[in-house]
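A.B. asks: mind looking at a prediction? Sequence and model below.
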There are 2 protein chains.
Amino acid sequence: MAKAEAPVFNRVALIGLGLIASSMAHAMRWKGLAGEITGHARSAETRATATEIGLVDRVFETAAEAVKGADLVVLCVPVGAMGAIAAEIAPHLAAGAIITDVGSVKQAVIAEVAPHLPDTVLFIPGHPLAGTEHSGPRSGFATLFVNRWWILCPVEGTPPEATAKLRALCEGMGANVDEMDAPHHDVVLAVTSHTPHLIAYTMVGVADHVRRVSQSEIIKYSASGFRDFTRIAASDPVMWRDVFLTNKEATLDILGRFTEELFVLQRAIRMGDGAYLQEYFTRTRAIRRSIIEAGQDTAAPNFGRGVSEPDA
Amino acid sequence: MAKAEAPVFNRVALIGLGLIASSMAHAMRWKGLAGEITGHARSAETRATATEIGLVDRVFETAAEAVKGADLVVLCVPVGAMGAIAAEIAPHLAAGAIITDVGSVKQAVIAEVAPHLPDTVLFIPGHPLAGTEHSGPRSGFATLFVNRWWILCPVEGTPPEATAKLRALCEGMGANVDEMDAPHHDVVLAVTSHTPHLIAYTMVGVADHVRRVSQSEIIKYSASGFRDFTRIAASDPVMWRDVFLTNKEATLDILGRFTEELFVLQRAIRMGDGAYLQEYFTRTRAIRRSIIEAGQDTAAPNFGRGVSEPDA
């Protein structure tokens, strides 16, 4: 990625200054993608931190001030807070501005945000498939989006040149951009992200309840499988609360299929049906192989977590 | 770890030459822990590979020949095959030999193996908590056990010096050794490993069934959570079939708690109970923090999977 010739946007306003927004700030500066970056966070502490570390060029106490004169506004607040923020900034948006968001659910965000926005601006919902288990204004880093997917869900009638401009920004930060409609996004994410997260949260909760096994034993022996569940069960609780409340239908649908399937496997264990289990596990192994072949993971032992070399 | 002064065992026989046995062969050679290493595998192809790559000093066609004169015999076959192997080698074991195994389940292995063994040998069941998604004689590497746990389950009456000798071998390969009784081992592993694996297999199976989302989309967007499930759902199908068939009681118990818990969360989603979800996710996050503090995982973004540095 070469440094862009000119900024893609003149002024980018980041509303909410958590992991995604702070990573965008670092990435846009790294690649020279924005002329100026303004920011707002609801919490005074977050604003103070952002000012202290120089995260953006100017930090504002209100979202309304932050968006003034911006040609791109990025809503980086939890999905449940999007509607109120949209109502607050609507009267202050510059004509022709592009508004996007980074929420993990798209139909609910569109339903909450779109009705508030004036006809003079363009709303192009988006979702970067990137994250870590950290949150807050200090958690961002410039390479978070490199080789990650960024899904855009432009509504019908969005001028292609507006979508192209937003795409250029995402690609400039290193992401691969895909476009799809919002309902499809929500079911794809229910399968690949939302349901796996809920299951991981559940498994971690169960481990916390089993009295015959001590907490310290669970932690000690977590590398045998449990650990990989805890990572995805460590993401921001408010963000995930909102994901499940707003992508309810698709998540409940996939969860229903999951429990059905789990009961069939549970029955195979109870009945001692080894052939069924072996056939099932062989099939899932093939799916894993496809993911590695697609370059979406490494087959290195232990996820490539520091394994020491022979020293003697 | 310095090279051992003298080998811990004079002749180690590895029965079964998959990931664990081949890693043990590499690790024992690396640290000079065994005077000689013999090996046997049921499949002629595996034996040919082991000979070709010089995995052990001598490869035998039968387990009976491989164990002759060995002062340590390690059973590295799937849990379901342990009983037959024990019956086969029993008449050929040297007096005073230590027999151990590396099975993921301990009560079932003891029930299958112990009755066949003569009183002249010592059986000390074991379980190294280490693995990758690969299997077979080429998959081993010398550092597999470094900083991993190796659980020993000596039965009552085992001479402490025999356990100490086996412990020295495991520690020599870099592992941390813990001792516990077999029933406790089986419930600890049901929580930290067996149930998480079954759930991961189930989630991967579900993703394979959802017709509205294509296989290529699932693979493409797998980094958003699903990917971490596929890794643990890619382990050896026969090994896992046997784990569930032989640790049935503990796994079904933990699975029952899991589905109960999942239904409560599912209900919270359906009822829109955001407070419950947020409180639950906050608690699981705290458990994750403990695992990182205990040094059992890295908090690095993306598990430390190759993240490029800013280049401009």
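C.D. replies: It's in. Numbering: from 1, shown residues only, chains lettered A, B, ... in the order given.

A.B. asks: burial count for whatever residue of the stretch 1-150 of chain A ends up closest to chain B?
C.D. replies: Closest contact between the stretch 1-150 of chain A and chain B, by C-beta to the nearest C-beta, is at residue A:132 (4.1 Å). Any C-beta I mention is one placed from the backbone N, CA and C, and that applies to glycine too. Residues near residue A:132, counting by other C-beta atoms under 10 Å in any protein chain shown, number 20.

A.B. asks: what does residue A:279 give?
C.D. replies: Applying other C-beta under 10 Å, we find 13 residues neighbouring residue A:279.

A.B. asks: over to the one 5 residues further on?
C.D. replies: When neighbours are defined as other C-beta under 10 Å, residue A:284 has 24 of them.

A.B. asks: just residue A:180 next, same as before
C.D. replies: 16.

A.B. asks: distance of it from chain B?
C.D. replies: The spacing between residue A:180 and chain B, counted by C-beta to the nearest C-beta, to the nearest Å, is 9 Å.

A.B. asks: surely that residue touches residue A:154?
C.D. replies: No. Counting by C-beta atoms under 8 Å, residue A:180 stays clear of residue A:154, with 9.7 Å between them.

A.B. asks: worst-scoring helix or strand of chain A, pLDDT-wise?
C.D. replies: Here the helix or strand of chain A ranked lowest by mean pLDDT, DSSP states H and E is helix A:226-232, holding a mean of 78.

A.B. asks: what packs against that helix?
C.D. replies: helix A:195-209, helix B:195-209, helix B:226-232, helix B:274-293 (3 or more C-beta pairs under 8 Å, 6 or more residues apart in numbering or on different chains; DSSP states H and E).

A.B. asks: what segments of the stretch 51-200 of chain A are helices?
C.D. replies: Under the criterion DSSP state H, counting those that start in this stretch, the stretch 51-200 of chain A contains helices at A:63-67, A:82-89, A:107-113, A:160-172, A:182-189, A:195-209.

A.B. asks: moving C-terminal from the least confident helix or strand of chain A, which element do we reach first?
C.D. replies: helix A:237-246 (DSSP states H and E).

A.B. asks: need the residues that contact that following helix.
C.D. replies: With contacts defined as C-beta atoms under 8 Å, 6 or more residues apart in numbering or on different chains, helix A:237-246 is touched by A:78-81, A:104-105, A:108-109, A:135, A:194, A:197-198, A:201, A:251, B:269, B:272, B:274, B:277-278, B:281-282, B:285.

A.B. asks: please pick the buried ones from those.
C.D. replies: Neighbour counting by 16 or more other C-beta atoms under 10 Å in any protein chain shown classes A:78-81, A:104-105, A:108-109, A:135, A:194, A:197-198, A:201, A:251, B:269, B:274, B:277-278, B:281, B:285 among the contacts of helix A:237-246 as buried.

A.B. asks: how many neighbours does residue A:189 have?
C.D. replies: Neighbour number of residue A:189 under other C-beta under 10 Å is 28.

A.B. asks: touching, it and residue A:104? I think so.
C.D. replies: Yes. Counting by C-beta under 8 Å, residue A:104 is a contact partner of residue A:189 at 6.4 Å.

A.B. asks: now for the two: what residues contact both?
C.D. replies: In contact with both residue A:189 and residue A:104: A:127, A:247, using C-beta under 8 Å, 6+ apart.

A.B. asks: and the helix ranked longest in chain A, what does it pack against?
C.D. replies: Scanning chain A for the longest helix, with DSSP state H as the assignment, gives helix A:248-271. The helices and strands touching helix A:248-271, judged by 3+ C-beta pairs under 8 Å, 6+ apart, are helix A:182-189, helix A:195-209, helix A:274-293, helix B:195-209, helix B:248-271.

A.B. asks: hmm, try it at 6 Å
C.D. replies: Contacts defined by 3 or more C-beta pairs under 6 Å, 6 or more residues apart in numbering or on different chains; DSSP states H and E place helix A:248-271 against helix A:195-209, helix B:195-209, helix B:248-271.

A.B. asks: helices or strands up against the first one?
C.D. replies: Just to be clear, that refers to helix A:195-209. helix A:226-232, helix A:248-271, helix B:195-209, helix B:248-271, helix B:274-293.

A.B. asks: show me the shaky parts of chain A.
C.D. replies: Counting by pLDDT under 70, chain A contains low-confidence ranges at A:1-5, A:295-312.

A.B. asks: domains in it, by residue range?
C.D. replies: Domains of chain A are assigned by automatic domain parsing as A:9-180, A:184-298.

A.B. asks: make CSV from the ones you listed and add distance to residue B:23 to it.
C.D. replies: Shown next, in CSV, are these (distance: least, C-beta to C-beta, whole Å):
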stretch, distance to residue B:23
domain A:9-180, 30
domain A:184-298, 15
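
A.B. asks: ok, which of these comes nearest residue B:123?
C.D. replies: Smallest distance to residue B:123 across the domains of chain A (C-beta to C-beta): 22.8 Å, for domain A:184-298.

A.B. asks: distance from the closest one to the middle of the chain?
C.D. replies: Its chain's average C-alpha position is 18 Å from that of domain A:184-298, according to C-alpha atoms, centre = their mean, to the nearest Å.

A.B. asks: single out the most deeply packed of the helices of the stretch 51-200 of chain A.
C.D. replies: With neighbours defined as mean count of other C-beta atoms under 10 Å in any protein chain shown, the helices of the stretch 51-200 of chain A peak in mean count at helix A:195-209, which reaches a mean of 25.

A.B. asks: now look at the helix or strand following that one and say if it contacts chain B.
C.D. replies: Later in the chain than helix A:195-209, the nearest helix or strand by DSSP H and E is helix A:215-220. Yes. Part of helix A:215-220 sits near chain B under the criterion C-beta under 6 Å from any C-beta of the partner chain, namely A:217-219.

A.B. asks: which among those gets closest to residue A:49?
C.D. replies: Out of the residues of helix A:215-220 next to chain B, the member with the shortest distance to residue A:49 (by C-beta to C-beta) is residue A:219, at 30.2 Å.

A.B. asks: OK, contacts around that closest one?
C.D. replies: Contacts for residue A:219 (C-beta atoms under 6 Å, 6 or more residues apart in numbering or on different chains) come out as B:290-291, B:294.

A.B. asks: any idea how far it lies from residue B:170?
C.D. replies: Shown here: residue A:219 relative to residue B:170, a distance of 21 Å by C-beta to C-beta, to the nearest Å.

A.B. asks: check residue A:262 too.
C.D. replies: Taking C-beta to C-beta, one finds residue A:262 at 35 Å from residue B:170.

A.B. asks: number of nearby residues for residue A:53?
C.D. replies: Count around residue A:53 with other C-beta under 10 Å applied: 13.
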